[in-house]
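*Asks:* Here you go, sequence then predicted model.
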Amino acid sequence: MGKKQKSVKRSEDIFNPVRKTVFLSNGVNRRKFIAGAAASVASFAVIKPSLVFGTEANSKIEAGVIGLGGRGSLIAGMLNANKGFKVVSVADYFPEAAQRAGESLNIPQERRFSGLSGYKKLIDSKVDAVFLETPPCFFPEHCAAAIEAGCHVYMAKPVAIDVPGCLAVSELGKKATGKKLVFLVDFQTRTDPFIIESVKRCHEGLIGKLVLLSSLYSDEAFPDPPKTETIESRLHSLIWVNDNEIGGGMLVNAGIHAIDLALWIAAGRPVNRMVQGKPKSAMGCARTGKPDPHGDTCDVYSVTYQFDDGLILNHRGEHINNTHGFVCNCFVFGQYGYMEADYEGKAYVRGNKGGYRGGEVKNLYVDGISRNLDTFHKSIVEGIYDNPTVGSSVDSTLTTILGREAGRRNTLLTMDEVIKENKKLEPNLKGLKE
């Protein structure tokens, strides 16, 4: 395994983790920020339809945000600094978060929304595209409302917390394409040039038939204080990642980065194209290892996935405050060589029949978001509506849900079984402000 990566300060640490910002930070502790982004606030992207036809080429894409936590704040600041965007509306469950963002971004008072229904008011304020940065339990509902209103959508990951949500987002991706709307899910690893080229070499057969994928996601734990009468106290500071019914749990919300990279590699492997890109089954073990837990997520897991052609993916991870710090990587073993890609480290290919020197993957969190924002802007302006990130992101989310369930039940499960169960997780919204 590659050299252990230096632990980095989480986005939530930089953005004051104790502040209440519910409909935002969908980020996880894997992420590295640049210092200059710390003053940013969350946002959504919106564009006037006339821009698509090039009649207002010098106009900015107006942006509105639902969710103003660490990640949402960073993206809002990046949008504000981008010549192609303008933040015009913000929404967060907590009024103080919406007001703080509004003040920072000079948003009119009447376009600062809060409460559970704040997202509806933001969409009704006639934004053209939306950045969804809330806990993922809200994504399917918010996404459906945005697309129904004719808004372009930029969404964090995972796309949902359960199978029904994934299937709904899959259909929404098709609906967006049909309505000529852009829908982008923001994974960063798929944007790095060294990782892209390494994956391309594997897809071209440089290391031969793939036989084993091995991925790892390790980081410190999120705050997990005792629960209160309502879930309001869980809707900030990434506490919600500890709760399966709000954030999907650690594997679905954090480990998904390494698993998405593995599935990207598996999907394009040189095999019969009838072979599915996502695994057919998973066998796993999982447990809670941190002291005094209050959420229901497992924070230690080892899951072995198998694909139709026999390809194996072993994924493991842990989220305990044990000083190990952040590592997110994937090794790919083939018949003639191997590939390594790290979220913070190197991406390269070595083998008996040649290799690829690759290079250092640096500042991927911020640079990856920036590249995705550029793609989102380009797609809107140029009318590119194929929305390729939706299907792969749904597959990655379903794969982590399969792993979560196999690990939690300590058994073998097939993807077909989990999809057939169609188990819905519902957060208890009783007592929350509308």
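*Replies:* Great, that's in hand. Quick caveat, the model's predicted, so the values are computed rather than measured.
*Asks:* The lengthiest strand in the chain - contacts with which helices or strands?
*Replies:* Across the chain, the longest stretch assigned as strand under DSSP state E is strand 210-219. Counting contacts by 3 or more CB pairs under 8 Å, 6 or more residues apart in numbering; DSSP states H and E, strand 210-219 is packed against helix 256-267, strand 312-319, strand 327-334. All C-beta spots, glycine's among them, are computed from the backbone N, C-alpha and C.
*Asks:* Paired strands for the second one, with orientation please.
*Replies:* So that's strand 312-319. According to DSSP bridges, strand 312-319 has the following sheet partners: strand 210-219 (parallel), strand 300-306 (antiparallel).
*Asks:* tell me the angle of the last one relative to helix 256-267?
*Replies:* Inter-element angle recorded for strand 300-306 and helix 256-267: 10 degrees (by axes from the mean of the first three to the mean of the last three CA atoms, to 10 degrees).
*Asks:* Provide the contact partners of strand 300-306 at residue level.
*Replies:* The contact list for strand 300-306 (CB atoms under 8 Å, 6 or more residues apart in numbering) reads 250-251, 255, 279-289, 312-320, 399, 402-404, 406-407.
*Asks:* what's next to the longest strand of the chain, contact-wise?
*Replies:* Under CB under 8 Å, 6+ apart, the answer for strand 210-219 is 1, 28-30, 202, 254-255, 257-259, 261-262, 265-266, 269, 311-319, 324-335.
*Asks:* Name the residues of it that are buried.
*Replies:* L210, L213, S214, S215, L216, Y217, S218, D219 (16 or more other CB atoms under 10 Å).
*Asks:* Helix, strand or coil: sort out the residue nearest to I239 when sequence neighbours are not counted for me.
*Replies:* Nearest non-adjacent residue to I239, counting by CB to CB, 6 or more residues apart in numbering: P223, 5.3 Å away. Following DSSP: H, G, I helix; E, B strand; the rest coil, P223 is assigned to coil.
*Asks:* Shouldn't G102 be within a helix?
*Replies:* Yes. Assessed with three-state DSSP, G102 lies in a helix.
*Asks:* got a list of what the residue minimising distance to the centre of the chain touches?
*Replies:* Nearest to the mean C-alpha position of the chain, by CA atoms, centre = their mean, lies K157 at 2.1 Å. Contacts for K157 were tallied using CB under 8 Å, 6+ apart; they are N26, P136, V185, D186, F187, I256, H257, D260, S393, S396, T397.
*Asks:* Serialize the residues you listed to a markdown table and add fields for neighbour count, pLDDT and distance to K86.
*Replies:* As requested, the contacts of K157 are exported to a markdown table (neighbours: other CB atoms under 10 Å; pLDDT from 0 to 100; distance: CB to CB, whole Å):
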| residue | neighbour count | pLDDT | distance to K86 |
| --- | --- | --- | --- |
| N26 | 28 | 34 | 22 |
| P136 | 26 | 98 | 27 |
| V185 | 28 | 98 | 23 |
| D186 | 26 | 97 | 19 |
| F187 | 21 | 96 | 25 |
| I256 | 27 | 98 | 31 |
| H257 | 25 | 98 | 30 |
| D260 | 26 | 97 | 31 |
| S393 | 29 | 97 | 27 |
| S396 | 27 | 97 | 31 |
| T397 | 30 | 98 | 31 |
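*Asks:* In helices, which of these fall?
*Replies:* I256, H257, D260, S393, S396, T397 (DSSP state H).
*Asks:* contacting residues for the closest residue to the third one other than its chain neighbours?
*Replies:* Leaving aside its sequence neighbours, D260 sits nearest to S396 (CB to CB, 6+ apart; 4.1 Å). Applying CB under 8 Å, 6+ apart, we find S396 in contact with K157, P158, F187, I256, I259, D260, L263.
*Asks:* close enough to count as contact, the last one and G277?
*Replies:* Yes. Using CB atoms under 8 Å, L263 makes contact with G277 at a distance of 6.3 Å.
*Asks:* isn't there a strand covering K430?
*Replies:* No. The assignment for K430 by three-state DSSP gives coil, which leaves it out of any strand.
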